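Asker: sequence first, then the predicted structure, then my questions.
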Amino acid sequence: MFKLFKYFKWYHWLFILLIAFLVYGQVQMDLLLPEYMGKIILLINQATVTGISQTSAILNEGGMMLLITLGSITSTVIASLIAARLGTRLAVTVRHALFGHIQTFSAAEMNKFSTPSLITRSTNDIQQVQMAIIMMLRMLITAPIMAFSGIRKITSINLTMSLVVVGGVVAILVLITTIFILVGPKFARIQKQTDDVNQVTRETLTGIRVVRAHHAEKTQETKFEHVNNELTKTQLFVNKAFAVMNPGMNLIMNGLNLALITVGAVLIGNNLLGSNPIEGLSLQIQFTSYAMVILIAFMILIMLFIFLPRAWVSARRINEVLQTQSSIQEGRVNDVEDELHIAFKNVSFRYPNADEDVLKNVSFEAKKGDMLAFIGSTGSGKSTIILLLLRFYDVTQGEILINGINIKEYSFDALYQMMGYVPQKGTLFRGDIQTNLSLGQKDVDEERMIKALSIAQIKSLVDESEAGLHRTIDQGGANVSGGQKQRLSIARALVKRPRILIFDDSFSALDYRTDRELRKALKPTMKEALTVIIGQRIGTIMDADHIIVLDQGEVVGQGTHHELVLACKPYQDIAFAQLSKEELGYV
Amino acid sequence: MSKHEQQSEPNLKPTVRPMQGPMGRMGIGEKPKSMKKALKQLLSYIKPYRTMFFTMIGFAMLSAALAIVGPKLLGNITTEIQKGIAYNPLAGTFELSINYTAIFQIVYLLIALYSLSLLFNVTQGVLVSNMTQKISKQLRTDLFSKMERLPLKYFDQHPHGDTLSRMTNDIDTIGQALNSSVSTLFSSITLVIGVLIMMFTISGWLTLVALVTLPLTSLIMGIIMKKARGFFRKQQQTLGQLNGHIEENYTHQQVIKTYRAEQEMMVTFDKHNKDLYQTSWKSQFISGLMMPLTTFVGNLSYVAISVVGGILAAGGSLMLGDIQSMLMYVRTFSQPLGNIAQSLTMTQTALAASERVFEFLNEKEMEIEEETKKIDQIKGHIIFEHVRFGYDENKEIIHDFNANIKAGQKVAIVGPTGAGKTTLVNLLMRFYELNSGSIKIDGIPTTSLTRHQVHELFGMVLQDTWLFQGTIRENLKYGNPDASDEAMIEAAKAANIHHFIKSLPFGYDMVLDENASLSQGQKQLLTIARAMVANAPMLILDEATSSVDVRTELLIQEAMDNLMKGRTTFVIAHRLSTIKNADIIFVLRDGNIVETGNHQALLEQKGFYADLYYSQFEEREVS
């Protein structure tokens, strides 16, 4: 947690100091109130003894009390304001730093943490930290000041009665700690058991057809009863523990009050409190007020110690990300020659922490105008080739050259300016069609976008809507179909006019005719670039100039479709299985 | 947005809750549509525990009543002390004659009162926990069994998340409210009334002074609550936008990288982040003010009582102990008032939640059927007679469909994506009822059988390979728990999965859950084996084997062929060989069955099927 404090600038620390100062003032003022009450008691006595009205004196004291109250609330409000702003400011700064840092991550780091985990760290964990910081700025500063000031007051009044307060504080600490030791672990269990209830419910919902078809309602019900029972049991335990806590705290507070007043009575009777019995009475009344302040301060402290560790975990998770550096370092070459030639030379690749290579000794070359295709079953390593070409990972052995220069030498700008990458799943961002097409580009004219759309066979989407290019796209492209997403992603790559076009199985969601039309329309563009295609369907890759067949990370065949169909056994296997599968209806 | 525009928006998902945001979960501001109805139904769940319920309320009130006397008696001790002090003006000294017997009597009485109060309070708390948990559990059980009695139509129209959130979040909200607000409400009311009475017995004037601050408290609270609600809502909104942006970015980071769009994304991020800062610090600040302001009002009363009480006491009409009691009462007074307000809001939220739960529980169920016909030795001869069907009564998608499928024949179902291939499954399995016409199995209309009987006649292998959490054995015997282990192993062998199962850590007893890393293909083989164990005379099969490698695909095809042997089969076909060899092909388009016949006949018809078939042929020639 404290590591995150480095995101506070020097003047933020001044503000924290100011909070401490304000809180100190507020606590002192709050503690003055009982003292004035004590003075009023003495005035009352004076009135009864002397018979002279003390009304104006009492009103004077009252006026002071009012001023103190106003002063106290003013400093509290200002302190709260600063704390809220500081806490949120820190959260905003850390969030920005975290987001920026994660943007630099390569695929290796993304996989190490997993995307969902990174999302949680950037959202929930930061919220947790923000809450904790505000809590700390307020309470962690207030409680000790309250406790110390209170203790100073009571010890200066009477030590015997102070011991009674110690007893009260110990009692309440023991009560709360015991209950949280008992209940704490159960919270995690409740979470787990709620998940179980959810799991059985979800399982039954998604499989409702199967459940009904197999008449297995009873089986599911039995399972549900089980998880339901478990959850109920734990919840019951936790609730019962809490049913004891509140009344227990009440009892301790009331008991403390009673004990203080009783002990006070005895002390007054023996002339041991104050210089005279009336002063004793006045001190006793003040004392109970201070005792409550101390008790509350300790309650706040222990609550903080129970709740803050959760935020500590969050802070640690955030730091973990911030301290991880990207394994990919940017190169310095900024210029790329006009000609284009890529070469894989004896490339091997192994995922971090894996036992075996996914790519073994792969070599090939291609130049501008070529269409290069990769085919193979799942796990053959064909997608890995693209990951390496895009430098999401660096090769383990061998090298990848573009125009004779190792891709590690290129700056990211130079490298990615060449690439037009279309991922397997159409990827759209919240915004509109235009912002999606011009992603990462400046000044893209409309004509270029329309042309790309028509090559990608998706111009109709723009034509049929009045908004045209400004037709909105929801988060993740939720308002367009899978096929449309894929075609828009293709159009985006075309808008960029890349020198290397990369299609990672990017035609899979298209129906047969569209697939064909699209590839026909692409031909002129492909002459001007180097095209890399990864395909599952033989039909998609059949016309490539150069097909590379991969099996378990190794190249088992290279050549054109006609050469491979005659001579390459693994290629024949795939082709055979697919040709009989060529479908009438598309999935 | 004008009213007109709002109406022109088609109501796509009628059950999507209008205000179902995080706010509902946060427990502020959500109101039930009909308070009375929701309350009535919730009370019917409390009814079995009414003795417990009333005992608990009684105890809560008793406990509060006992605690009320405390400050007054504590004040009496001080008064006793004060009485025992006499000032001797001549000597200028104090003479003490404190009545300790009286004081200790009060002390013992207080100890007894506090202990009793604790006892009642704890008993009450335990009773509430018991009742609440029983009711929550009952609600969950009822919800789950309701799930199984609802027609499939309901689940096809409502997102699963909707049902899930009723099961967990809503019931949780109800539980929490029952657990804390009911007893708090009653004990707080008791406290408020009791404290008022006690204060009046001490001093009418002082009570009036104390009450002056009351409207001030409610005013401040009201303003803050309203402000806080607004800020929280805005904060949730901006947070949602920011989280959405983060999610999108991390998921698609590779694309962003290759387009060098990091800066662009950062600009949007910073905009959302800045918005969040504005709403966030305000809501944090406002909600953080709640406590200090309550203290402030408490302090104001403290000052007022001290001053006015001081003046009265100086005049001799009030004892010091009285002031002390008053001060304590004033402190306790504002707390129950806040509690009452809070429990009322909680109750409101809980009623809104229970409204959603009961909405689900009140959904129309499937009719209960009596088994009137015994079926044995079904051969699998299926006749479709003038079948008409539409998911929406008014929008018929299958018009007067007829077909005659002899026992053992294969029916291939073909058509483009979204043509409604699952509709046929729905009708055959009687997941949905026909609008008119009938489907007969061996001459018996399916409507004269129970749904269960119909289901038993079909084995089913769908594309989404549904396996549940449990051992492989349980999964395989799912539809036929009485099957022998031999039969199960036989089926697994025929489905080409036996060897794989044997290679797993616990073989057939391995538990399948999220951690079990089975490939899609292996899952598919397991569902095929399951259908074999079920051994039904007819079969519904989806051939689609997406994202499966070539070798597994061959295994699956072989397993499916084994499964089809000797069974009347409906295949959602993807393989050309299946289609060519089918006895009958159903060609689907836009939900309707547009053509039927075998491959040759359909080609000669030169209709939609021929078009589909040739478009593929054409492609081959091009390449």
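Answerer: Noted; the coordinates are in hand.
Asker: contact partners of stretch B:513-530?
Answerer: By CB atoms under 8 Å, 6 or more residues apart in numbering or on different chains, the residues outside stretch B:513-530 that reach it are B:461-462, B:465-467, B:469, B:472, B:475-476, B:478-479, B:488, B:491-492, B:494-497, B:500, B:510, B:512, B:545-549, B:552-553, B:555-556, B:559-560, B:563. For every residue, glycine as well, the C-beta is placed using N, CA and C.
Asker: and that stretch, how far out from the chain middle?
Answerer: Centroid separation for stretch B:513-530 versus its chain: 28 Å, with CA atoms, centre = their mean, to the nearest Å.
Asker: how about it: buried residues?
Answerer: By 16 or more other CB atoms under 10 Å in any protein chain shown, the buried positions in stretch B:513-530 come out as B:518, B:520-530.
Asker: dump those residues to a markdown table, plus pLDDT.
Answerer: Putting the buried residues of stretch B:513-530 into a markdown table (pLDDT from 0 to 100) gives the following:
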| residue | pLDDT |
| --- | --- |
| B:Leu518 | 74 |
| B:Gln520 | 74 |
| B:Gly521 | 77 |
| B:Gln522 | 82 |
| B:Lys523 | 84 |
| B:Gln524 | 82 |
| B:Leu525 | 85 |
| B:Leu526 | 88 |
| B:Thr527 | 87 |
| B:Ile528 | 86 |
| B:Ala529 | 87 |
| B:Arg530 | 89 |
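Asker: keep only those of those residues that are in helices.
Answerer: Judged by DSSP state H, the subset of the buried residues of stretch B:513-530 located in helices is B:520-530.
Asker: need these in a markdown table (columns: distance to B:Gly92).
Answerer: Below are these laid out as a markdown table (distance: CB to CB, whole Å):
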| residue | distance to B:Gly92 |
| --- | --- |
| B:Gln520 | 100 |
| B:Gly521 | 104 |
| B:Gln522 | 101 |
| B:Lys523 | 98 |
| B:Gln524 | 103 |
| B:Leu525 | 105 |
| B:Leu526 | 101 |
| B:Thr527 | 102 |
| B:Ile528 | 107 |
| B:Ala529 | 105 |
| B:Arg530 | 102 |
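Asker: need the pLDDT of the residue in the stretch 101-250 of chain B that chain A sits nearest to.
Answerer: Residue nearest to chain A within the stretch 101-250 of chain B (CB to the nearest CB): B:Gly125, separated by 2.6 Å. The score at B:Gly125 is 91. That number is its pLDDT.
Asker: is it true that it touches A:Phe242?
Answerer: Yes - the criterion here is CB atoms under 8 Å, and B:Gly125 meets it with A:Phe242 at 7.4 Å.
Asker: pick out whichever of the two has more residues nearby.
Answerer: B:Gly125 (26 against 15; other CB atoms under 10 Å in any protein chain shown).
Asker: now the terminal residues of stretch A:559-570, how far apart.
Answerer: End-to-end span of stretch A:559-570 (CA to CA, to the nearest Å): 13 Å.
Asker: in that stretch, what counts as buried?
Answerer: A:559, A:561, A:564-565, A:568, A:570.
Asker: excluding sequence neighbours, find me the nearest residue to the residue of chain A found nearest chain B.
Answerer: The nearest approach of chain A to chain B comes at A:Ala243, 2.6 Å away (CB to the nearest CB). The spatially closest residue to A:Ala243, leaving aside those adjacent along the chain, is B:Gly125, at 2.6 Å (CB to CB, 6 or more residues apart in numbering or on different chains).
Asker: likewise A:Phe105?
Answerer: Nearest one to A:Phe105, counting by CB to CB, 6+ apart, is A:Ser326 at 5.4 Å.
Asker: where does pLDDT dip in the chain?
Answerer: I'll assume chain A. By pLDDT under 70, the low-scoring segments of chain A are A:378-379, A:509, A:511-513, A:577-587.
Asker: wrong one, I was asking about chain B
Answerer: Scanning chain B for pLDDT under 70 picks out the ranges B:1-30, B:416-419, B:514-517, B:544-551, B:575, B:615-623.
Asker: let's go with 50 and repeat that
Answerer: Scanning chain B with the threshold set as pLDDT under 50 gives B:1-29, B:617-623.
Asker: spatially central residue in it, please.
Answerer: The residue lying closest to the centre of chain B (CA atoms, centre = their mean) is B:Ser165, at 1.7 Å.
Asker: buried sites along the helix or strand hosting that residue?
Answerer: Using DSSP states H and E, the element containing B:Ser165 is helix B:160-165. Across helix B:160-165, burial judged by 16+ other CB under 10 Å covers B:162-165.
Asker: so which of those residues also contact chain A?
Answerer: With CB under 8 Å from any CB of the partner chain as the criterion, the buried residues of helix B:160-165 include B:163-164 near chain A.
Asker: got a markdown table for the buried residues of helix B:160-165, with distance to A:Ile268 too?
Answerer: Shown next, in a markdown table, are the buried residues of helix B:160-165 (distance: CB to CB, whole Å):
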| residue | distance to A:Ile268 |
| --- | --- |
| B:Asp162 | 68 |
| B:Thr163 | 68 |
| B:Leu164 | 65 |
| B:Ser165 | 62 |
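Asker: now the strands for the stretch 301-450 of chain A?
Answerer: Taking DSSP state E, counting those that start in this stretch to define them, one finds strands in the stretch 301-450 of chain A at A:341-349, A:359-367, A:371-375, A:397-402, A:405-406, A:419-422, A:431-432.
Asker: select the longest helix from the chain.
Answerer: I'll assume chain A. helix A:217-269.
Asker: please go with chain B instead
Answerer: With secondary structure taken from DSSP H, chain B has its longest helix at helix B:262-314.
Asker: and the next helix or strand past whichever strand or helix holds B:Glu558?
Answerer: Using DSSP H and E, B:Glu558 sits within helix B:550-564. Sequence order places strand B:568-572 as the next helix or strand after helix B:550-564, per DSSP H and E.
Asker: pull the residues that contact that following strand.
Answerer: By CB under 8 Å, 6+ apart, strand B:568-572 touches B:380-382, B:405-413, B:421, B:424-425, B:428, B:463, B:537-544, B:564, B:578, B:582.
Asker: what do you get for stretch B:232-252?
Answerer: Outside stretch B:232-252, the residues that touch it by CB under 8 Å, 6+ apart are A:99, A:102-103, A:110, A:115, A:118-119, A:122-123, A:127, A:423, A:427, A:429-430, A:475-476, B:21-23, B:26, B:28-29, B:256, B:265, B:268-269, B:272-273, B:275-276, B:279-280, B:283, B:287.
Asker: just the buried residues out of those, in PyMOL syntax.
Answerer: Of the contacts of stretch B:232-252, the buried ones go into a single PyMOL selection, burial set by 16+ other CB under 10 Å:
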select buried, (chain A and resi 99+102+103+110+115+118+119+122+123+127+423+427+429+430+475+476) or (chain B and resi 23+28+29+256+265+268+269+272+273+275+276+279+280+283+287)
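Asker: next up, the contacts around the residue nearest to the centre of chain B.
Answerer: Applying CB under 8 Å, 6+ apart to B:Ser165 gives no contacts.
Asker: any residues touching stretch B:143-152, and which ones?
Answerer: Applying CB under 8 Å, 6+ apart, the external contacts of stretch B:143-152 come out as A:201, A:204-205, A:208-209, A:211-212, A:217, A:220-221, A:224, A:228, B:163, B:166-167, B:171, B:357, B:360-361, B:363-366, B:426, B:431-432.
Asker: show the buried residues in these.
Answerer: A:201, A:204-205, A:208-209, A:211-212, A:217, A:220-221, A:224, A:228, B:163, B:166-167, B:171, B:357, B:360-361, B:366, B:426, B:431-432.
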